[in-house]
Every structure is written in structure tokens, then in C-alpha cells.
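[1] Quick one, what's the 3D model for this:
(chains A and B)
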Amino acid sequence: MQFFAELFGSYWADVQLVVWTLIKIVAIVLPLMIGVAYLTLAERKVIGYMQVRIGPNRVGYWGLLQPLADGLKLLFKEIILPTASNKALFFIGPVLAIAPAFAAWAVIPFDATLVLANVDAGLLYILAMTSVAVYGVIIAGWASNSKYAFLGALRSAAQIVSYEIAMGFTLVGVLMCANSLNLGNIVMGQEGGFWHWYFLPLFPLFVVYFISAVAETNRAPFDVAEGESEIVAGFHVEYSGMAFAVFFLAEYANMMLVSMLAALMFLGGWLSPVPFLPDSILWLLAKVAFLLFLFLWFRATFPRYRYDQIMRLGWKVFIPITLVWIVVVGAMMQTQWAYLFH
Amino acid sequence: MLFTDIVFYVLSAILLFSGIRVITTRNPVHAALFLVLAFFTAAGIWLLLEAEFLAIALILVYVGAVMVLFLFVVMMLDINLDKLREGFWEYLPMAGLIGVLMVVEMTMVLAEKNLHPSEAVELPANYSNTAALGKVLYTDYLLPFELAAVVLLVAMIAAIVLTLRERKDNKSMNPADQVKVKRSDRIRIVSMPAEVEEAPAVAAEEKK
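    Residues are numbered from 1 along each chain as shown, chains lettered A, B, ... in the order given. From the prediction side, this is the model:
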């Protein structure tokens, strides 16, 4: 330690800060990656049982080592570069897909004190990061120089931009109730049992948020961006091996991110549902797990939406609902029932 | 040199580089992506100035929405580089004149007398930039703010009306009608007497 302190001189404090932050980042990203790996297994198992199959059960007990086997397989596969592709952008595409999916976790509070960056405008930061995520898909689709990839990219771009508006309006409702853009303060505003959580006064916004989140992450029944029966596999049709795996990771990390956000903003985060039980990070994980189960349940249940129906739902149904409910919340806050919305 | 100084110079270098590449690169898609990079680094510099709302709004609005639609259009163009460069020398004098004019204007705006860097006040870490901006916007500047919103709304409706052309031979679907369809619109259950088979004995034998 002494040696390094002398080496860096007056920069030692800054260097310490950077190293300490890096350690914290690893402590968030590593569990996240493991969570993503086991979410893929959980998806296959859950959908398997819903379709009266067993799902993966050969690698390890109950298939518990299946994600490792899949990861190893993808690592050793060749990454094929299409001849007519745009070489630099072809590799930047997956990077731009996964970077915002991880960067957004910087402001997520896991507990009253457990947060990497307790920034004031945390909610805005997350909104900005999720809106950047679309670049990975667009660039991958264009750089592949393949018509299916390009069609997938265009579909995805239009869909994400449309649903982002409805999603943004639902967040407006939340921050009207919480009077803050800081995620920690938003959770603390819901203290005192599940009847104080924001999903009750903001129920329409909660429903719109969650469905928009499914659309935003390109998951079934809104997965027209990959629609394998029409456009093969959409934007990642030309990707193989690890480059494909990175898109996969980004999709699942985004699913966990939007579920985490829904748990924090509408379901009271780490707060316990009843006052006599202690608040704990376990509550947060349980709520996120339940929301992720909904994602898998949707996929096993609903057929894929048609593209024009997706656009209609986003623009003509969700945006009016959110606008009306924001006006209702704003008006109610001026009456004697304002306490219901705080 | 402070740590923030190093960050500032790195961000500025990237910003200048990407700004120059926006106009020098030959491929329009690359140019649009360099513009995205320029927006990102500019947001980074604003963050260094503790203007976090402006920085995030820049990424949210320009990178997240405007540039996505821009790329959307640029990617669908059939890029013919020779055609793009046609008439380059013809337009050069006019473009140069406008460029010089803009440089003169910028130097006049950024002149020493207009800048008062010493007036910046050090604010506590928990000071909410966003809340302060909101308060000013909805009290002192309410009228200009609402006016700007109305102007944008008019422009938006105008753009939609200009592109909304209904073709008569267009066989498009109406999702609203499709959603409203009931079972009774599509099928009709007819009750009719059961038909008696002519030769039940033969049929029974065939089944065996």
C-alpha cells in the first residue's frame, strides 16, 4: 500500500476511489451475470413444465450446470464475419447492446444504503440508458448487410421508440407521488406496508409500465424484432458464437433491469409487505423473481402480436391511458384525498 | 492537474475528433454515429459542470430519440458516394462564406465580456439541479415555456398532416375494427334436424 501511495503521490486519493468503485462494479456485475445465466435455465425449466415437458435435466442435478455448458459451447464456436458486412460496426453492435444494460445498474439501490451511485436524478439516468440500448440492435442490423437483420433492426427501433414514450409517462406518475427522482427516495416514500406501495394508486400506470417493459426488451409476445417464423432471427441472424451470446446476455440483463425498476417504483423495493416483518434485500429479490416469472409466463402463454397491433397498442391505448391517469393523479393531489397518492 | 481536468481533456479531445469526423467521413451512417458520440461526450462535459439534468436530457432526447430516427432514415438510403460529392466545388464558396460568418458570430458571442466564469457558485452535493430547473421553468418562465410547447405541437401536427395521405386503392387493415370483432360477427350457428343415415348396417360392417 505504502509503495503505491508513494508511486501515485497526490493522485493516491483519486486512484483509491477508482479502484474501490471498480471493486463495487464487479460486485454488482458478477451476481448479475450469474443471475442472467440461471434465468436462461429457469426460462427453459418453467416453459418446459408449462408445456408438460421436463426441460434440461442432463447436465448436473436438475440441469443446474446447463448454463455453464451453454456458455462453454458458445465460447468455443467460431465467430463468422459476413464478407459484405461493415466490419467495425459489426463488432461494435453487441458491445453497444450490452453496455447500457449494465451501465443502468449503477444507480439501482439494493438496500437503504447499498447503492453504487446515489445520484439525484437516478430515474432520468436509467431512462437515458434504456433509450440508448436500441443502438446495439440498429447497428447490428445495419452492419450485417442482410435483409432479415435489417428488417429486424427497423422493427425493433420503431417499437422501442414508441413504447419508451408510454414508459416515460408512467415514470412521471411515480415521481409525482414520490416527489423525487432518486430511486432510494422513491422506495422510502412507499414505507409502511403494501397498502402504501405505489402500485395501488398508480395501478393503470403499473400495468402499462410492465407491458411496455416487455415490449421494450423485445420479449414475447412483442418479439417481432426476432420473429423467427417471418425474418429468421431478426437483427442477430448473422451473429454466431460469443457475439450472439452477448446479445442474449443483454436481453436477459435488460429483463432483470426492468423487473428491478418495477419492483423499486411500484412494489416497494426492499420494504417488507407487512410492518411486523423486517425490511431486507430478500424482499427485493423475491419481487424481482416474481416479475421475471411473469415474463416467462407471458412467453409460454401468448402468441406473437402482429406489428400494426403493437403500434396501435403503444400509441393509441397506452399513451392516452398514461396521460389521463397523470391528470387524475395531479387533480386528486389538490383534493383532501391527496394522502392516498403519497 | 486535478482528476476532473484529465477527464475534461479526454472528453474534449473525443468531442473535437468526433465533431470533425461527422463532416469528413464519407459514409452517412458513420457520420450519424459520430454525431451520437459527440452528443455523448458533450453530455459528459456537462456532467463535469454539475449540470446533470441537461446532460441526461441531451442523451435522452438527442441520442435516445432524434438520432435513432435520423439513423433510421439514413440507413434506408441507397448510399451512392459519388453522387453525394457531386457539386462539392460548386457550393464551396457559398458554404465557406456561411462558415466564416458562423465563426465570426461565435467569437462575438463567446467574447470575454459575455463570459463570467467566476460567478459560478459552489453548491452542496445534495442540491437538486432538476428541481431548481423545474421551479424556474414553471414559475418565472411559464409563459415562454408553454409558448414553446404550443409551437412544437403545431409543428408536430403539421408534419403528421403533411404525410397523411389516404390512397383509395390502399387495402389496409383497421386494427380497431379487428379488435372489436365478436364471435357472432364471423360465425352463425344453424340448428337443423339430425340426418338419419340411409344404411346403418353397411356402415357398421365397414367399421369392423
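
[2] check contacts around A:V174.
    Contact analysis of A:V174 by C-beta atoms under 8 Å, 6 or more residues apart in numbering or on different chains lists A:L123, A:I186, A:Y198, A:L202, A:L205, A:M265, A:F266. Backbone N, C-alpha and C define where each C-beta goes, glycine included.

[3] Just the closest of the residues you listed to chain B, please.
    A:L123 (9.6 Å; C-beta to the nearest C-beta).

[4] secondary structure element for that closest one?
    Using DSSP states H and E, A:L123 sits within helix A:122-132.

[5] Please apply the same query to B:P93.
    B:P93 belongs to helix B:88-109, assigned by DSSP H and E.

[6] following that helix, which helix or strand shows up next?
    helix B:129-138.

[7] Find me the pLDDT at residue 4, would you?
    The chain I'm using is chain A. Looking at A:F4, its pLDDT reads 71.

[8] sorry, should have said chain B
    79.

[9] so where's chain B shaky on pLDDT?
    B:1, B:78-85, B:112-123, B:125-126, B:199-208 (pLDDT under 70).

[10] In it, which residue sits closest to chain A?
    For chain B, C-beta to the nearest C-beta, closest residue to chain A: B:G64, 2.9 Å.

[11] need the contact list for that residue.
    Contact partners of B:G64, counting by C-beta under 8 Å, 6+ apart, are A:A128, A:S131, A:V132, A:V134, A:E164.

[12] List the contacts of the residue nearest to the third one when sequence neighbours are not counted.
    This means A:V132. Leaving out its chain neighbours, the residue that sits closest to A:V132 by C-beta to C-beta, 6 or more residues apart in numbering or on different chains is A:P100, at 4.5 Å. By C-beta under 8 Å, 6+ apart, the contact set of A:P100 is A:M129, A:T130, A:V132, A:A133, A:G136.

[13] correct me, but the second one touches A:E164?
    It refers to A:T130. Yes - here A:T130 reaches A:E164: they are 7.4 Å apart, a contact under C-beta atoms under 8 Å.

[14] Now for the two: what residues contact both?
    With C-beta under 8 Å, 6+ apart as the test, A:T130 and A:E164 both reach A:E216.

[15] Just name the closest of the contacts of B:G64 to A:L175, please.
    Of all the contacts of B:G64, A:L175 sits closest to A:A128, with 14.8 Å by C-beta to C-beta.

[16] List of residues touching stretch B:127-138?
    With contacts defined as C-beta under 8 Å, 6+ apart, stretch B:127-138 is touched by A:D120, A:A121, A:L124, A:L181, B:E50, B:A51, B:E52, B:F53, B:F145.

[17] try 6 Å
    Identification of contacts with stretch B:127-138 by C-beta atoms under 6 Å, 6 or more residues apart in numbering or on different chains yields A:D120, A:A121, A:L181, B:E52, B:F53, B:F145.

[18] Which secondary structure element is home to A:F222?
    Short version, using DSSP H and E: A:F222 is in no helix or strand.

[19] ok, for A:A104, nearest residue in space, not its chain neighbours?
    Nearest non-adjacent residue to A:A104 (C-beta to C-beta, 6+ apart): A:M129, at 3.9 Å.

[20] Repeat that for A:S240.
    Per C-beta to C-beta, 6+ apart, closest to A:S240 is A:I80, 5.0 Å.

[21] And A:D70, by the same measure?
    Spatial nearest neighbour of A:D70, excluding adjacent residues (C-beta to C-beta, 6+ apart): A:T40 at 7.1 Å.

[22] What residues does chain B have near chain A?
    B:3, B:52, B:56, B:59-60, B:63-64, B:68, B:71-72, B:75, B:128, B:130, B:175 (C-beta under 6 Å from any C-beta of the partner chain).

[23] Do a quick rundown of the helices in the chain.
    No chain was given, so I picked chain A. Per DSSP state H, chain A carries helices over the ranges A:2-8, A:12-50, A:66-76, A:87-103, A:122-132, A:134-143, A:147-178, A:183-188, A:203-216, A:228-231, A:241-266, A:281-301, A:307-312, A:319-332.

[24] That was the other one, I meant chain B.
    Remark: helices assigned in chain B by DSSP H are B:3-24, B:28-48, B:52-57, B:67-76, B:81-84, B:88-109, B:129-138, B:142-163, B:175-180, B:183-186, B:200-207.

[25] Format the CA atom coordinates belonging to stretch B:146-164 as PDB.
    Extracted C-alpha coordinates of stretch B:146-164, given in PDB (Å, rounded to 0.1, in the frame of the first residue of the first chain):
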ATOM      1  CA  GLU B 146     -45.900  27.000 -22.700                       C
ATOM      2  CA  LEU B 147     -45.500  29.000 -25.900                       C
ATOM      3  CA  ALA B 148     -42.600  26.800 -27.000                       C
ATOM      4  CA  ALA B 149     -44.700  23.800 -26.200                       C
ATOM      5  CA  VAL B 150     -47.500  25.100 -28.400                       C
ATOM      6  CA  VAL B 151     -45.100  25.900 -31.200                       C
ATOM      7  CA  LEU B 152     -43.800  22.300 -31.100                       C
ATOM      8  CA  LEU B 153     -47.300  20.900 -31.000                       C
ATOM      9  CA  VAL B 154     -48.300  22.900 -34.100                       C
ATOM     10  CA  ALA B 155     -45.100  21.700 -35.900                       C
ATOM     11  CA  MET B 156     -45.800  18.100 -34.900                       C
ATOM     12  CA  ILE B 157     -49.500  18.200 -36.100                       C
ATOM     13  CA  ALA B 158     -48.400  19.900 -39.300                       C
ATOM     14  CA  ALA B 159     -45.800  17.200 -40.000                       C
ATOM     15  CA  ILE B 160     -48.400  14.500 -39.400                       C
ATOM     16  CA  VAL B 161     -51.000  16.100 -41.600                       C
ATOM     17  CA  LEU B 162     -48.400  16.600 -44.500                       C
ATOM     18  CA  THR B 163     -47.600  12.900 -44.500                       C
ATOM     19  CA  LEU B 164     -51.100  11.600 -44.000                       C
END
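
[26] Buried residues of it, list them for me.
    Residues of stretch B:146-164 classed as buried: none (neighbour count, 16 or more other C-beta atoms under 10 Å in any protein chain shown).

[27] Now chain A against chain B: closest residue?
    Closest point on chain A to chain B, by C-beta to the nearest C-beta, is A:S131, at 2.9 Å.

[28] gap between the closest residue to that residue other than its chain neighbours and A:V26?
    Spatial nearest neighbour of A:S131, excluding adjacent residues (C-beta to C-beta, 6+ apart): B:G64 at 2.9 Å. Here the criterion is C-beta to C-beta, to the nearest Å. By it, B:G64 lies 28 Å from A:V26.

[29] same check, this time on A:L123
    From A:L123 to A:V26 the distance is 25 Å (C-beta to C-beta).

[30] ditto for B:M102
    Here B:M102 is placed at a distance of 47 Å from A:V26 (C-beta to C-beta).

[31] do B:V61 as well
    From B:V61 to A:V26 the distance is 32 Å (C-beta to C-beta).

[32] which one of the two has more residues nearby?
    B:V61 (14 against 10; other C-beta atoms under 10 Å in any protein chain shown).

[33] Run the chain-centre distance for stretch B:93-112.
    Stretch B:93-112 has its C-alpha centroid displaced from the chain centroid by 28 Å (C-alpha atoms, centre = their mean, to the nearest Å).

[34] how about that stretch: buried residues?
    Going by 16+ other C-beta under 10 Å, stretch B:93-112 has no buried residues at all.

[35] Please list the residues outside it that contact it.
    Contacts of stretch B:93-112 (C-beta under 6 Å, 6+ apart): none.

[36] Stretch A:219-239 now?
    Contact with stretch A:219-239 is made by A:82, A:137, A:140-141, A:144, A:146, A:148-149, A:151-153, A:155-156, A:214-215, A:218, A:244, A:247, A:295, A:299, A:302, A:304-305, A:307, A:310, as judged by C-beta under 6 Å, 6+ apart.

[37] mind redoing it with 8 Å?
    A:79-80, A:82, A:85, A:90, A:94, A:137-138, A:140-141, A:144, A:146, A:148-149, A:151-153, A:155-156, A:159, A:214-215, A:218, A:244, A:247, A:251, A:255, A:295, A:298-299, A:302-305, A:307, A:310.
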